[in-house]
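Asks: pasting a predicted model and its sequence here:
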Amino acid sequence: MKRILAAIVAVLLCAGCFAQSAAGIMNKYKCKKGAECVNVGSMMMGVVKLFASHDDEAKNMLKPFRSIHMINLDDCDAVVKREFAADAKRLKTKGYGELMRVNDNGERIVVYTRQEGDRIKECLVVSTGDDSFLVQIKGNATMEDIDRWIKKNAKK
């Protein structure tokens with residue numbers, strides 16, 4: 001019985017070792033053929049906000065966001081997308097809450113948020129299937145900021 005318990009504990013500990021962060025997944029796939037990677041770090045976001053300072057609406061939309069990192073694998077082959085889907089299932093989500101999950105004809109989209117109090121510090125959007133991508137947004141936003149941004153950018 002002790003051996004079985006020890007084996008189960010070892011398997012659970014090893015499973016945690018294979019989990020990857022969003023940055024780790026992006027680094028793994030950014031050089032794959034067909035991958036598109038966009039990183040807008042905090043310094044560049046400062047520059048963008050500076051240019052948007054003349055437009056109050058744009059300035060208010062960008063204010064809560066500190067950085068945006070994205071990898072898009074739409075143009076990658078099916079093998080890469082399957083590998084990405086497997087890695088996405090092992091994404092480190094400890095400390096994140098699931099905001100939304102969508103399953104539609106083989107497309108799976110999950111939105112995770114990491115919050116401190118009523119402030120959203122990080123948002124991860126993971127899509128697997130034909131439209132495979134990972135987006136990581138860092139900042140200091142409220143749900144109202146997110147709602148306003150979604151309403152402004154929703155397709156009409």
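Replies: Nice, I can see it.
Asks: burial count for E98?
Replies: Neighbour count for E98, taken as other Cβ atoms under 10 Å: 10. All C-beta atoms are positioned from the backbone trio N, CA, C, and that covers glycine.
Asks: can you pull the contacts of it?
Replies: Listed by Cβ atoms under 8 Å, 6 or more residues apart in numbering, the contact set of E98 reads V110, V111, Y112.
Asks: between these, which sits nearest A58?
Replies: V111 (23.5 Å; Cβ to Cβ).
Asks: angles on the backbone of the closest one, please.
Replies: Note on V111: backbone dihedrals following degrees, to the nearest 10 are phi -120, psi 120.
Asks: run through the bridge partners of it.
Replies: M100, V125 (DSSP bridges).
Asks: surely it meets S127?
Replies: No. At 9.7 Å, V111 does not count as touching S127 under the criterion of Cβ atoms under 8 Å.
Asks: dump the contacts of E98 into TSV; add pLDDT and neighbour count as well.
Replies: Output for the contacts of E98, formatted as TSV (pLDDT from 0 to 100; neighbours: other Cβ atoms under 10 Å):
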residue	pLDDT	neighbour count
V110	91	20
V111	90	18
Y112	93	20
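Asks: and the strands in the chain?
Replies: Assigned by DSSP state E, the chain shows strands spanning 36-40, 65-72, 97-104, 107-116, 119-128, 133-141.
Asks: nearest to G24, of the ones you listed?
Replies: Here strand 133-141 is closest among the strands of the chain (Cβ to Cβ), at 10.6 Å.
Asks: could I have stretch 66-76 exported to PDB, CA atoms only?
Replies: In PDB, the C-alpha atoms belonging to stretch 66-76 read as follows (Å, rounded to 0.1, in the frame of the first residue of the first chain):
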ATOM      1  CA  ARG A  66       0.900  47.400 -19.200                       C
ATOM      2  CA  SER A  67       1.900  44.800 -21.800                       C
ATOM      3  CA  ILE A  68       0.500  42.500 -24.400                       C
ATOM      4  CA  HIS A  69       2.200  39.300 -25.700                       C
ATOM      5  CA  MET A  70       0.600  37.100 -28.400                       C
ATOM      6  CA  ILE A  71       1.400  34.100 -30.500                       C
ATOM      7  CA  ASN A  72      -0.800  33.100 -33.400                       C
ATOM      8  CA  LEU A  73      -0.400  29.600 -35.000                       C
ATOM      9  CA  ASP A  74      -3.100  29.800 -37.600                       C
ATOM     10  CA  ASP A  75      -0.600  29.300 -40.500                       C
ATOM     11  CA  CYS A  76       1.200  26.400 -38.800                       C
END
